[in-house]
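1. kindly return the folded structure for what I paste below:
(chains A, B, C and D)
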There are 4 protein chains.
Amino acid sequence: MVSRIRVRHGCCYNSNAWYVLQRMKIAFINVGAPAGGMNAAMRAGVAYCFNRGHVPVAIHNGFAGFARHHDDKPLGAVREFNWLEVDGWASRGGSEIGTNRELPADSGLETIANLIEKYEFDALFLVGGFEAFHAVSQLRKARDEYPSLCIPMVILPATISNNVPGTEYSLGSDTCLNELVNYCDKIKQSASATRRRVFVIETQGGRSGYVATLAALSVGACAVYTPEEGVSLDMLAADVKHLKEVFMKDQGQSRAGRLILINEKASKVYSAKLIADIIREEAHERFESRDSIPGHVQQGGVPSPMDRCRAVRLAIKCMQHLETFGRRAQNKCKHDPHSTVVIGIKGAGVAFTPVEELEKTDTDWKNRRPISSHWASLKDIVDILGGRPPYPKPERNLSGLIAKDTKRGLS
Amino acid sequence: MVSRIRVRHGCCYNSNAWYVLQRMKIAFINVGAPAGGMNAAMRAGVAYCFNRGHVPVAIHNGFAGFARHHDDKPLGAVREFNWLEVDGWASRGGSEIGTNRELPADSGLETIANLIEKYEFDALFLVGGFEAFHAVSQLRKARDEYPSLCIPMVILPATISNNVPGTEYSLGSDTCLNELVNYCDKIKQSASATRRRVFVIETQGGRSGYVATLAALSVGACAVYTPEEGVSLDMLAADVKHLKEVFMKDQGQSRAGRLILINEKASKVYSAKLIADIIREEAHERFESRDSIPGHVQQGGVPSPMDRCRAVRLAIKCMQHLETFGRRAQNKCKHDPHSTVVIGIKGAGVAFTPVEELEKTDTDWKNRRPISSHWASLKDIVDILGGRPPYPKPERNLSGLIAKDTKRGLS
Amino acid sequence: MVSRIRVRHGCCYNSNAWYVLQRMKIAFINVGAPAGGMNAAMRAGVAYCFNRGHVPVAIHNGFAGFARHHDDKPLGAVREFNWLEVDGWASRGGSEIGTNRELPADSGLETIANLIEKYEFDALFLVGGFEAFHAVSQLRKARDEYPSLCIPMVILPATISNNVPGTEYSLGSDTCLNELVNYCDKIKQSASATRRRVFVIETQGGRSGYVATLAALSVGACAVYTPEEGVSLDMLAADVKHLKEVFMKDQGQSRAGRLILINEKASKVYSAKLIADIIREEAHERFESRDSIPGHVQQGGVPSPMDRCRAVRLAIKCMQHLETFGRRAQNKCKHDPHSTVVIGIKGAGVAFTPVEELEKTDTDWKNRRPISSHWASLKDIVDILGGRPPYPKPERNLSGLIAKDTKRGLS
Amino acid sequence: MVSRIRVRHGCCYNSNAWYVLQRMKIAFINVGAPAGGMNAAMRAGVAYCFNRGHVPVAIHNGFAGFARHHDDKPLGAVREFNWLEVDGWASRGGSEIGTNRELPADSGLETIANLIEKYEFDALFLVGGFEAFHAVSQLRKARDEYPSLCIPMVILPATISNNVPGTEYSLGSDTCLNELVNYCDKIKQSASATRRRVFVIETQGGRSGYVATLAALSVGACAVYTPEEGVSLDMLAADVKHLKEVFMKDQGQSRAGRLILINEKASKVYSAKLIADIIREEAHERFESRDSIPGHVQQGGVPSPMDRCRAVRLAIKCMQHLETFGRRAQNKCKHDPHSTVVIGIKGAGVAFTPVEELEKTDTDWKNRRPISSHWASLKDIVDILGGRPPYPKPERNLSGLIAKDTKRGLS
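-> This next block holds a predicted model:
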């Protein structure tokens, strides 16, 4: 058997009797939107498996594919990886095995649990975004009812939004930044060529202002509006006033285009288009304003080297983590919090954090992002560089009981 | 004087007495939206002028800049070119001297005519889009009233819309295609990774379907909707039906993302967003649909080599054309139709066509495009490759008297 | 049978009895080095075949693959195309079916002829460079001996060198230019940042100076050295003298990097490295000089839209041309010069030219390029823009009898 | 005075009496080869200075420019920054103020010291590579002799080689990786299209294997040769043997191109070309081999967002560090090791490390790199993923006394 693997991959040098006994069947799945580096992570995980004698199996099209198409004819959603195919994935964008946002609870937890039993998976390797985290959280909680879910599961965060608890960087966020900043550079050039024009650019990122803020910093934007801070009318008024002053001082010598970046969920009311309209109206013909929405192009084409390097490094660590559990480790998994973990880059190094711990301490479920944000201070630098004067901060939404009481007139 | 030029440019080897006598003062201006190759054309024209002893002068920010900011302090909109600055422009996108859509009639024809006299321009070199064509048309018609407008004027078409009468290709349309197809490739990859998703992408191009059609051909789109053909409900229904069939046959093996491209002015009613909504509604959960609008990024970053090569080649021919008139050629210009021309690529070669002739024979003023479109047959190839079945063609709008009579119930 | 095709491709609407009778088996092959648009051409040809009921067959890895691996196990080099696979090729660079430079005479003309008989090919569609042209020339000449070669063959030129007789543009040359100019822009930026540095860049292009010249024009090079003109010591001396003058005049204000482009076969003696060394030596510390060789990156990554559009347009015309011969047309082919043609873009339109005619009238066999070069005048523009003073032209090599006599001392 | 600054920059809101007293004159200089993010760092530093009321001054073209061209006419190498010019630098590659490798000791330490006195610089901000580190080391050691050198100096590491002691990442290395991997992807595609071809690609990086290793990881290379490990004949032989096995097993199904990456200084003997030749020779026609050298294109075009973000963040921290010293701080500087520091990213955060400390503890002067390399473990992952079997490690060079004794036959 081992020799067969040698032949298939040509890179299996460490195999020995122990591995034959411990050969694990590991399921690979993508959950959430596509992100740069997903395929590189798959490729590295598969190579590691072949190298060590494990059997890597692809689940195509996420939990939706798993639940409802696993035995489709002629081609089911559950298939062993073929190295000849996977070998070319290092530089591929998108998701070669298909990704999907559906959560196990929507697919049916029982169905998923039964299928894991049926296919005899020893471990689950998830590469994806907040949905992947959410999925494992659901599976973990269902373990009492479905023992087949007591297998080790590891999440390698991959989402352009960089909003998975347990890590400072997710795969795809560097690729997204490259793409987004490339887009912004060109819009800025257009603004520069037509003079006195402000572009309001709407970025993706879900309820995390990470990519908006880093893009704003890279491109030298006047301002960035994030969901963490929100948008208010006073703030817009201050920014329009500032733009007026900037353009008034400019006697035709300045050639720098002006950009404002806004995250797609920074405000329920003020969209990029509305803000651009407000600015245009308030500018009274002194300058122009347009909105621009790059959209799904932010997922990027070819993944960035940094995302690919991290994908490879982290995927291999994930495999090594799953390997520590070995085959048929139901009892162990049931009681070991490290049987469902997120791998993350944190400060100096790489760390595995139990999903259970993250659920409790660092997950803002409502906003689908970590509670802490390591990049928050960068927003101030955007303002300094953009020459943005101090502005009135939007009020925070009330929440919880206080909100209810206030609505009831009880506060 | 000639030696001064030598010093400034370091490439002026042909100067002699004749040139000194015939030294022309040539005004360079950009009109319309930015387009790839504008700066390369400027650079080539300026280099030629220095080489031959002429004085190239930049008019910054189009006719708006000329009319109202020509003598601003500290920096007016009319400035002699400095080679040290211009030398680096070969690869620059946007418009270094600034471009503007304003037409001379809006700036004030008298103002413009007086300024041309004041600055003693012997010729006018316009690089721009349909607005540049329109501008020269206005200036030409005002010659009877303002003799100072009797100077040779040549338009080098530069617009991503490729809609200037007198040429098959305008500068910037190749750059635009590179950018747009790059965008579409990435959206297609996103569609491929998430499976069963159709993206409706809205392209620029004014009322010309050129870039939409060529992009559709390049990217293998299912369909392309152009202003030349229009959009109708029957057509949409046929296309949705076709998409349903395609997705029904697909048993999960197909991985190609599906795209529909629509020009921004293909329909007054059916926007990319509306079409995406209709498709989603009609798909009844069988597949997904999204819209995506790349916007001004289509102007491109760094201009494509093809646009730069054409810019250089055509700019030099333009200079040589202007040179044939020499200085103070009012009388000659008044009567020579070749004193206001468009330079164009037509079939095998390069041709100058008088604006007067184009106005009469090949200008669809209402739609701001040429009457003929050399690329029309490519639309059918898009349909063949996309496997699009025959569909009901949209009815043509009635126009002119027939339209009026019909509304009146007289037809 | 037809219905099967409908199912496989989903785009076969024109099929009827006539087509069933005339269903052709068409072999697709790539010959020469990879070039942008090869795959797009394959895809368009395959789509057309499925649409019309023909059977498109891939020959993998050129004539080498055909002759020696056609029935390899498990996977032979001769395989019917599968639309699910081909559908994703529109934007792929390289050659998905593999390409190879081997000529049929090297593979064995008899072998090739027998295999064409064995596989019952009705037509041959070659996409490739000068080697593809050469290959068809060999096959055509062998028709007397091997009647199975009397099938229609059409060459769609695809080579970054743009050196195939019968066309002004070959697929891949636009992609190559995009890539090469992108490379040169970055080198120029490096030269600009370090000041007073000349880069000598060696381009590909075989014995055709096309890409070198157009790249030089795009990037604003000081000079371009082509195989058509050659390189001589006098010329180098003149150019070094000019560079010295340029740098002497520059008092630190100029920031434009200086480039010289040289085609890889411009000279047998003066390589990019040697020229850079000579310049450095002669500069006597007044400025620096380096060489740089982009190499195979000039084949490009993702093909340019222009190459893809042309690929599609021309591939479909090729299929239509092959279709005019129908099945089993040995007699007709034997006597019709149009049974072996090159499709080309010439001036205004697209033309098929018999290989026989091109062999006689427009092929410089020694230099593997057409005799005429439509782009020759662009070289002068490079010189004007680069401010290059007149320089001593290299002497032409003697050739033919005169050369022999001269060596013998008889002239 | 402050109000003047407000007018010039329009973003100076924090100025007050204290700042007027403490207005510092800060010199900005680039040292070494160009690297992505240099200009973004300049821009951020300049913006901060204007914001706080300091006077930022550009020294053009490094120490060479400073020493010999500081008062050139019409344009000297020492010039106050103009915000209108600097504002557009966020996305510019190269070095707008020019960079140069010359060290102060070569320019003349006395000259440099006198010029610092003459121009009354209160602080020095160096952005550059190992040369910048070396330069500050020289200036620091000369402080006893030249008191004017007792001003605070901070180095922001910027070099594609990522070899500056005191930091894990230098500006430009991410941009370099993007560029290099983009290059390698295309070469790999070429190798894939022509089958059975191995490319040996020579990367830059000085004596640091960082970029070679990360590129190899990103692109899925078979092997990477670094200066840290070296190259030996045994190693080459093992790798050729492995390649033979890989190609022997491949029955035409595999389409992945094979790459070997080698750092430019990995070996004094085995260049990319020589290795490619050896492989070709040993392959005995079983496969092909070529070398490819991207060269200075690795400096990149537009800097990556990550390099730009880091540039901005670190530049502002550098300014704040210089600010802590205030004007005329000779005595303080003389005795405070933090008056000459490198700013670095280390693990979780940003740190300033005194040059004196780095010189002693983490500088491998001979190899011009840090002693420690945080990325060393990645090399093993390259081998695992490439399926590279264990190979004989090259012997280490003897060094120091042992080397001498051995040569003398005394060991």
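
2. and the spatially most central residue of chain A, what is it in contact with?
-> A centroid search over chain A (CA atoms, centre = their mean) returns residue A:159, at 1.7 Å, as the residue closest to the centre. Residue A:159 makes contacts with A:32-33, A:35, A:128-130, A:170-173, as judged by CB atoms under 8 Å, 6 or more residues apart in numbering or on different chains. C-beta here means a position set from N, CA and C on the backbone, and glycine is covered the same way.

3. which ones, among these, also lie beside chain B?
-> Among the contacts of residue A:159, the ones lying near chain B by CB under 8 Å from any CB of the partner chain are residue A:33.

4. which residues touch whatever residue of the stretch 101-250 of chain A ends up closest to chain C?
-> In the stretch 101-250 of chain A, the residue found nearest to chain C is residue A:182; the distance is 13.6 Å by CB to the nearest CB. Applying CB under 8 Å, 6+ apart, we find residue A:182 in contact with B:301, D:302.

5. spell out which parts of the stretch 151-300 of chain A neighbour chain B.
-> The stretch 151-300 of chain A comes close to chain B at residues A:179, A:182-183, A:185-187, A:189-190, A:192-195, A:199, A:251-253, A:255, A:290, A:292-297, A:299-300, as judged by CB under 8 Å from any CB.

6. let's have the contacts of residue A:159 in a markdown table, adding distance to residue D:319.
-> Formatted as a markdown table, the contacts of residue A:159 follow (distance: CB to CB, whole Å):
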| residue | distance to residue D:319 |
| --- | --- |
| A:32 | 40 |
| A:33 | 39 |
| A:35 | 35 |
| A:128 | 40 |
| A:129 | 37 |
| A:130 | 37 |
| A:170 | 31 |
| A:171 | 33 |
| A:172 | 33 |
| A:173 | 28 |
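
7. from residue D:291, how far out is the residue of the stretch 101-250 of chain A closest to chain C?
-> Relative to residue D:291, residue A:182 is positioned 31 Å away (CB to CB, to the nearest Å).

8. same check, this time on residue A:246
-> Counting by CB to CB, the separation of residue A:246 from residue D:291 is 52 Å.

9. low-scoring stretches of chain A, by residue?
-> Across chain A, the ranges flagged by pLDDT under 70 are A:1-21, A:251-253, A:348, A:411.

10. list the buried residues for stretch A:41-61?
-> A:41-61 (16 or more other CB atoms under 10 Å in any protein chain shown).

11. in strands, which of these appear?
-> Taking DSSP state E, the ones among those that sit in strands are A:55-59.

12. could those residues go into CSV alongside distance to chain C?
-> Shown next, in CSV, are those (distance: CB to the nearest CB, whole Å):
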residue, distance to chain C
A:55, 21
A:56, 22
A:57, 22
A:58, 17
A:59, 20
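
13. show me the two of those residues that sit farthest apart.
-> A:55 and A:59 (13.3 Å; CB to CB).

14. chain neighbours aside, what residue packs nearest to residue A:177?
-> Nearest residue to residue A:177 in three dimensions, chain neighbours excluded: residue D:305, at 4.2 Å (CB to CB, 6 or more residues apart in numbering or on different chains).

15. export the contacts of residue A:159 as JSON lines, with columns for secondary structure.
-> Shown next, in JSON lines, are the contacts of residue A:159 (DSSP: H, G, I helix; E, B strand; the rest coil):
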{"residue": "A:32", "secondary structure": "coil"}
{"residue": "A:33", "secondary structure": "coil"}
{"residue": "A:35", "secondary structure": "coil"}
{"residue": "A:128", "secondary structure": "strand"}
{"residue": "A:129", "secondary structure": "coil"}
{"residue": "A:130", "secondary structure": "helix"}
{"residue": "A:170", "secondary structure": "coil"}
{"residue": "A:171", "secondary structure": "strand"}
{"residue": "A:172", "secondary structure": "coil"}
{"residue": "A:173", "secondary structure": "helix"}
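
16. specify which member of the contacts of residue A:159 is nearest to residue D:138.
-> Nearest to residue D:138 among the contacts of residue A:159 is residue A:173, at 40.5 Å by CB to CB.

17. hmm, back to that, dump the contacts of residue A:159 to CSV, plus distance to chain C and neighbour count.
-> Conversion of the contacts of residue A:159 to CSV gives the following (distance: CB to the nearest CB, whole Å; neighbours: other CB atoms under 10 Å in any protein chain shown):
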residue, distance to chain C, neighbour count
A:32, 23, 31
A:33, 20, 27
A:35, 20, 34
A:128, 23, 32
A:129, 25, 29
A:130, 29, 27
A:170, 26, 33
A:171, 22, 32
A:172, 20, 34
A:173, 23, 30
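
18. from what I see, residue A:32 and residue A:99 are in contact.
-> Yes: with contact defined as CB atoms under 8 Å, residue A:32 counts as touching residue A:99 (6.2 Å).

19. which neighbours do these two have in common?
-> What both residue A:32 and residue A:99 touch, as defined by CB under 8 Å, 6+ apart, is the set residue A:128.

20. contacting chain B as well, which ones from the buried residues of stretch A:41-61?
-> Counting by CB under 8 Å from any CB, the members of those near chain B are A:60-61.

21. what about residue A:97, distance to residue C:89?
-> As for residue A:97, its distance to residue C:89 is 20 Å (criterion: CB to CB).
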